[in-house]
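Asks: pasting a predicted model and its sequence here:
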Amino acid sequence: MTKRSNLNKEMFDSISKEYDFINNLITFGFHKKWKKEIIEIVKKIKPKKILDLATGTADIAIQLSSIENCKIIAVDPSTKMLKIGHRKIQKLNSNKNILLEEGNSENLKYGKKTFDAVTIGYGVRNFTNLKKSLNETYRVLKNDGLLIILETSLPTNPLMSFFYNIHTKLYVRLIGMIFSNNSNAYKYLQSSAKTFPHGEAFKKILIDLNFKDVRFEIKLFGASTIYVAKKSI
């Protein structure tokens, strides 16, 4: 692991206990709806094996487990986030087809063309090396396999952008200060959302990495975006 990778791991370990609670507050619960949309997209290809990267506390992996005859491997570098995910899985009795593993997106241990789909929820902007990690998702995807990403973005409408800035600068930081032992983590997450390429810029990155049929759907006036891309044959 690089120094930055270790710092990211330590940061998410430090906020693991309150992560789900604060994520609900920050997104006003909308993230649950958007994650369900990811599941519906994946279901259409009738997958047999899915990789959920940056799984965190396994929200997406748990929902993916509703797909019949499908195995989900959920990977995250944060040990403590995975422990919470494991408890959630046991509580819901969804562990029959979910395997949680600690791992780094830059060096996946899985072979070429292993997965029908790769899902990533609010994780790509925290990748230490974005292009290397995306190349790894490309490698492990089967031909015509789907990459589905849910990530924060920035509203382009001036009025929406104004309210978004208030939300991130005041509300998100206040929530972090009140409910987290590491409020600096939420300052980082807020600043990383501003610098991360989104919309057409991120679409171009995926196309440059040989993904095809790349499309994106803007959510909540641009506060988040779902990207869908297919591996070229």
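Replies: Alright, I've got the coordinates.
Asks: from here on, just use CA atoms for contacts and neighbour counts.
Replies: Noted.
Asks: hey, C-alpha coordinates of the lengthiest strand in the chain in PDB?
Replies: Scanning the chain for the strand with the most residues, using DSSP state E, yields strand 141-152. Provided in PDB are the C-alpha atoms of strand 141-152 (Å, rounded to 0.1, in the frame of the first residue of the first chain):
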ATOM      1  CA  LEU A 141     -14.800  -7.800 -16.100                       C
ATOM      2  CA  LYS A 142     -16.100 -10.300 -18.600                       C
ATOM      3  CA  ASN A 143     -16.500  -9.100 -22.200                       C
ATOM      4  CA  ASP A 144     -19.600  -6.900 -22.300                       C
ATOM      5  CA  GLY A 145     -19.600  -6.800 -18.500                       C
ATOM      6  CA  LEU A 146     -21.000  -3.800 -16.800                       C
ATOM      7  CA  LEU A 147     -19.300  -1.200 -14.600                       C
ATOM      8  CA  ILE A 148     -21.800   0.800 -12.500                       C
ATOM      9  CA  ILE A 149     -20.600   3.700 -10.400                       C
ATOM     10  CA  LEU A 150     -22.500   6.000  -8.000                       C
ATOM     11  CA  GLU A 151     -20.400   9.000  -7.100                       C
ATOM     12  CA  THR A 152     -20.800  12.600  -5.800                       C
END
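Asks: assign the nearest residue to residue 161 once chain neighbours are set aside to helix, strand or coil.
Replies: Closest residue to residue 161 in three dimensions, ignoring its sequence neighbours and counting by C-alpha to C-alpha, 6 or more residues apart in numbering: residue 155, at 5.1 Å. Three-state assignment for residue 155 (DSSP: H, G, I helix; E, B strand; the rest coil): coil.
Asks: how about the helices of the protein, start to end?
Replies: Applying DSSP state H to the chain gives helices spanning 3-14, 19-27, 30-43, 59-64, 79-92, 130-140, 158-166, 173-179, 183-195, 200-208.
Asks: redo these as a markdown table? Include mean pLDDT, distance to residue 226 and mean neighbour count.
Replies: Converted to a markdown table, the helices of the chain look like this (pLDDT from 0 to 100; distance: least, C-alpha to C-alpha, whole Å; neighbours: other C-alpha atoms under 10 Å):
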| stretch | mean pLDDT | distance to residue 226 | mean neighbour count |
| --- | --- | --- | --- |
| helix 3-14 | 72 | 23 | 16 |
| helix 19-27 | 80 | 15 | 16 |
| helix 30-43 | 94 | 8 | 16 |
| helix 59-64 | 95 | 14 | 23 |
| helix 79-92 | 92 | 23 | 18 |
| helix 130-140 | 97 | 15 | 20 |
| helix 158-166 | 69 | 18 | 13 |
| helix 173-179 | 72 | 24 | 16 |
| helix 183-195 | 71 | 14 | 16 |
| helix 200-208 | 97 | 11 | 15 |
